[in-house]
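S.K.: Please find the sequence and the predicted model below.
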Amino acid sequence: LADPDVLAMSTDAPVTSFQAAPPVGTIYTVTTTSNSGAGSLRQAITDANGHAGADTILFSVGTGAKTIKVTSALPAITGPTVMDATSQPGFVDAPLIRLDGPGVGASGLALNSTSDGSVIRGLIITRFAGDGIQIKSGADDITIAGNWIGTAGTATTGLGNTDDGIDLAGSRATIGGTGS
């Protein structure tokens with residue numbers, strides 16, 4: 001690879017080979033597709049940001065494929081966080097949780113410089129005006145694995161984000177594949 005900050009990149013590994021890491025720190029569970037409020041992804045990120053130390057965000061929104069229609073920018077992730085959408089009941093070999101942001105003038109997920117060691121796993125991220133995932137300068141040792149960024153959930157039909165799929169400004173990121 002030409003970029004020394006990217007440690008691994010793969011687009012062809014099946015999601016079925018996931019080796020999920022155990023949850024770390026405090027666990028917050030997304031239980032609704034609502035844009036905000038108790039059980040929402042927005043609230044889980046806000047709660048994780050308000051807690052010192054590492055956190056885990058899991059998903060249990062009914063069973064099967066679900067879409068979270070994001071209507072305004074989600075809070076940036078500001079601490080070490082494992083966001084693991086492979087925890088969604090019914091997950092077998094393909095992402096089931098879709099973050100859809102038509103009309104949102106921001107990136108789908110943003111990782112600030114204080115989010116070192118964070119993991120984003122098993123999401124579909126579509127139609128944001130910014131990047132699908134933005135890894136800001138100083139956000140190091142980030143893992144982005146097993147996500148479908150800019151596809152409609154079939155991994156073939158494009159619903160791209162306006163800017164980059166992943167904007168990498170941090171260092172030592174692992175992007176692609178299914179592990180970690």
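M.R.: That came through, no problem.
S.K.: Show me which residues of stretch 136-149 are buried.
M.R.: Neighbour-count burial for stretch 136-149 flags 136, 139-149 (criterion: 16 or more other Cβ atoms under 10 Å). (C-beta placed from N, C-alpha, C; glycine too.)
S.K.: can I get these in CSV with secondary structure and distance to residue 65?
M.R.: Formatted as CSV, these follow (DSSP: H, G, I helix; E, B strand; the rest coil; distance: Cβ to Cβ, whole Å):
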residue, secondary structure, distance to residue 65
136, coil, 30
139, coil, 29
140, coil, 33
141, coil, 30
142, coil, 26
143, strand, 23
144, strand, 20
145, strand, 19
146, coil, 15
147, coil, 15
148, strand, 12
149, strand, 16
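S.K.: now, which of these sits nearest residue 37?
M.R.: Nearest to residue 37 among the buried residues of stretch 136-149: residue 147, at 24.8 Å, using Cβ to Cβ.
S.K.: Double-check the closest one against residue 125; I have them as touching.
M.R.: Yes. Counting by Cβ atoms under 8 Å, residue 147 does reach residue 125; the two are 6.5 Å apart.
S.K.: How is the residue most central in space within the chain classified with respect to secondary structure?
M.R.: Among the residues of the chain, the one closest to the centroid is residue 120, at 3.9 Å (Cα atoms, centre = their mean). Here residue 120 is recorded as strand under DSSP: H, G, I helix; E, B strand; the rest coil.
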